[in-house]
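Enquirer: Turn this into a structure:
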Amino acid sequence: MATLLRPNKGGFVRAVGLGLFIRDYLKGLAPFGSPTIAPEKGAPQADIFYYYKLALFRTYAEDSIGHENERRTKAGKPIYTPEEYEKRLTWHMARTPYKLTACRYHSFINYFGMLKKLGWLEETGEEEKSAPQDYYEGFQSRIYYRLTKKGIAALDY
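Expert: Numbers count the residues shown, from 1 in each chain. Next up, the predicted model:
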């Protein structure tokens, strides 16, 4: 009898690891096409999450194009040119459902909180007004975070 292929406890591996993405983003390395930031200034949680989701969308779209190119090769057609590849990438990214790619904001906040408890992230002291503050008094500001020396020195695993 065949054994089913399934993930070990913890789920499937993502193409973009959240912890590594956060660390590289806050180091200013611009992972997976995200914008470069100043490491000493940091970034708010919502921005980090947004660029993480974009990285997931991009890898999902690139995988889809890879499958298309495989089918094209089997059919005897040439693979996409760089221009066609970019058009297909844009097409796939625009049509990827938001919830299809993993990581919900609540899960991200929990993960981010664990990194703070480990002492790998710290607040920079800089805040900016968030959009809901225009309508609701007492709503939380956007707090900037950066890596600590302990967070920079953390190993990949």
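Enquirer: So what's the residue count around residue 115?
Expert: Around residue 115 there are 20 other residues, counting by other CB atoms under 10 Å. For every residue, glycine as well, the C-beta is placed using N, CA and C.
Enquirer: Check residue 34 too.
Expert: Residue 34 has 20 nearby residues by other CB under 10 Å.
Enquirer: residues contacting it?
Expert: 25, 51, 54, 55 (CB atoms under 8 Å, 6 or more residues apart in numbering).
Enquirer: Next secondary structure after the longest helix anywhere in the chain?
Expert: Ordering each helix of the chain by length in residues (DSSP state H) puts helix 45-74 first. Of the helices and strands lying after helix 45-74 in sequence (DSSP states H and E), the nearest is helix 82-95.
Enquirer: Can you name every helix or strand that that next one contacts?
Expert: With contacts defined as 3 or more CB pairs under 8 Å, 6 or more residues apart in numbering; DSSP states H and E, helix 82-95 has these neighbours: helix 45-74.
Enquirer: mind checking how far the residue nearest in space to the middle of the chain is from residue 18?
Expert: Nearest to the mean C-alpha position of the chain, by CA atoms, centre = their mean, lies residue 52 at 1.5 Å. Residue 52 sits 6 Å away from residue 18, going by CB to CB, to the nearest Å.
Enquirer: Which secondary structure element is home to residue 115?
Expert: Residue 115 belongs to helix 105-117, assigned by DSSP H and E.
Enquirer: Other residues contacting the helix or strand following that helix?
Expert: Per DSSP H and E, helix 105-117 leads on to strand 121-128 as the next helix or strand towards the C-terminus. With contact meaning CB under 8 Å, 6+ apart, strand 121-128 is reached by 22, 26, 40-42, 44, 112, 115-116, 141-148, 151.
Enquirer: Buried ones among those residues?
Expert: 22, 26, 42, 44, 112, 115, 142-148, 151 (16 or more other CB atoms under 10 Å).
Enquirer: between residue 52 and residue 18, what contacts are shared?
Expert: Jointly contacting residue 52 and residue 18 under the rule CB under 8 Å, 6+ apart are 103, 108.
Enquirer: rewinding a little: hang on, isn't the residue nearest to the centre of the chain packed against residue 17?
Expert: No: counting by CB atoms under 8 Å, residue 52 does not reach residue 17; the two are 9.9 Å apart.
Enquirer: shared neighbours, the two?
Expert: By CB under 8 Å, 6+ apart, no residue touches both residue 52 and residue 17.
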